[in-house]
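1. Predicted coordinates and the sequence they were generated for:
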Amino acid sequence: MSERLPLKQARRLVVKIGSALLTDDGKGLDVAALGLWVDQIAGLIASGVEVVVVSSGSVAEGMSRLGWAVRPQHLHELQAAAAVGQMGLVQTWEAQFKRHDIHTAQILLTHDDLSDRKRYLNGRSTLRTLLDYGVVPIVNENDTVVTDEIRFGDNDTLGALVANLIEADGLIILTDQLGLFDKDPRKHADAVLVTQRRAEDRELDAMAGGSAGALGRGGMQTKLRAARLAARSGAFTVIVGGRIEQAITRLRQGELIGTLLLPDQGRMAARKQWIASHLQTRGTLTLDDGAVNVLRLGGRSLLPVGVKAVAGQFRRGEMVSCVDPQGREVARGLVNYDADEARAIAGRSSDRIVEVLGYVSDEEIVHRDNLVVV
Ligand SMILES: Nc1ncnc2c1ncn2[C@@H]1O[C@H](COP(=O)(O)OP(=O)(O)O)[C@@H](O)[C@H]1O
Ligand SMILES: N[C@@H](CCC(=O)OP(=O)(O)O)C(=O)O
């Protein structure tokens, strides 16, 4: 194995940068280092890769701005620090990307946002739209309204959830070590770097079981968990030292640095398997013969024009069954409109959606990526 193809072939990546690295172990934002990562990310974008950044560091930057030397114990103080620090964080990302004429957008999310199907879909379309416009979304947790995350410091999980959300090919986690070692390298001088494994490899659990860094967050355990979560949507994860010279660029070139954790199956296969295994459906779309034939051909979306009737009460993002005029199931998938909206646009061509609803969420009633023919 002389190079890593998944990284060379990736078209959409999430880059997650931890607090230890961004704030130079808690000493305020390391603007110079951040600028170097931005230069590399700009290089990725120039080569046609879409990138979402998940950036930690708001608490550490807030503490530095407020002149607090010791991380506070009270959650409300941590939240206050995060609110202050988030300003500095996004200002710095924006200023650095501006040097490359690239716009950034601030996205603050909670884990709850991503477990609610409707908010999940809305978040997804916002992120996809930003990427379509060449904007780099800078994601962090919405620390003002959540407490668990700030306590456990788990932007690794957020990075994986974002990778699921935008169906990224991979998640790159930049950290303060060269990668995942067989034991904590801060404590064991003889620790050996793991170069490549399946994310699901159970031997990794004992290796990552060590402690977190000085800033007291998740350590390698949350990174491993994140890799497994990312793998569910078919994304690979690389854990790599953010201080390695040109780490991101070299990864992109397929160089063997850091730890590559691979999913057991590809992106689309993972997604389709998830849809196919979803037993409960919330409603039924009855299709006309033309739509049935189109779906059976495979690889096509379902448009409202092919839907004759809508039954059930479902919300955007829920699973529906698509049946032929005789009521036999043809496909199932995640619907892009609520039941009432679907009833209103059924049988109409997509360019009339805006006339009927006053807005267009999607041209398709079920997108091909969210559809499995049964
Ligand atoms: N097996 C391991 N390999 C590498 N680092 C480990 C391992 N076990 C524990 N660690 C610790 O995890 C720390 C990185 O996690 P963390 O401090 O949460 O970083 P970040 O801020 O980048 O998320 C390292 O500094 C290291 O001390
Ligand atoms: N939202 C918080 C989360 C911190 C966090 O998860 O940190 P890390 O484990 O370093 O990625 C912050 O920005 O400080």
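-> Alright, I've got the coordinates. Numbering: from 1, shown residues only. Ligands and ions are numbered 1, 2, ... in the order given.

2. what about the strands in this structure?
-> Using DSSP state E, the strands of the chain run over 12-17, 50-55, 104-109, 136-141, 170-175, 196-198, 236-241, 259-262, 283-287, 307-312, 319-323, 329-334, 371-373.

3. what stretches of the stretch 1-150 of the chain score poorly on pLDDT?
-> 1, 25-26, 148-150 (pLDDT under 70).

4. How about residues contacting the longest helix belonging to the chain?
-> Assignment by DSSP state H gives helix 75-98 as the longest helix of the chain. Residues outside helix 75-98 that contact it (Cβ atoms under 8 Å, 6 or more residues apart in numbering): 22, 29, 31, 34-35, 38, 42, 53, 55, 57-66, 68, 71-72, 103-104, 106, 108, 136, 138, 140, 143-144, 147, 150-151. No exception for glycine: its C-beta is placed from N, CA and C like everyone else's.

5. and that helix, does that touch ligand 1?
-> No. If you take Cβ under 6 Å from any ligand atom as the test, helix 75-98 misses ligand 1, and the best it gets is 13.8 Å.

6. relative to strand 136-141, how tilted is that helix?
-> Relative orientation of helix 75-98 versus strand 136-141 (axes from the mean of the first three to the mean of the last three Cα atoms, to 10 degrees): 170 degrees.

7. Show me the domain layout of the chain.
-> The chain is divided into the following domains under automatic domain parsing: 5-267, 278-373.

8. where exactly do the helices run in the stretch 201-350 of the chain?
-> Applying DSSP state H, counting those that start in this stretch to the stretch 201-350 of the chain gives helices spanning 203-208, 219-232, 247-252, 267-276, 289-297, 339-345.

9. So what touches the first one?
-> Here helix 203-208 makes contact (Cβ under 8 Å, 6+ apart) with 180-183, 194, 197, 219-221, 223-224, 261.

10. How about that helix and ligand 2, touching?
-> No. Helix 203-208 lies apart from ligand 2 when judged by Cβ under 6 Å from any ligand atom; the minimum separation is 13.6 Å.

11. Could you identify which of the contacts of helix 203-208 has the most neighbours?
-> Counting neighbours by other Cβ atoms under 10 Å, Leu261 leads those with 30 neighbours.

12. State the pLDDT value of the most far-flung residue of the chain relative to its centre.
-> The outermost residue of the chain relative to its centre, with distances by Cα atoms, centre = their mean, is Gln326 at 39.8 Å. Per-residue confidence (pLDDT) for Gln326: 96.
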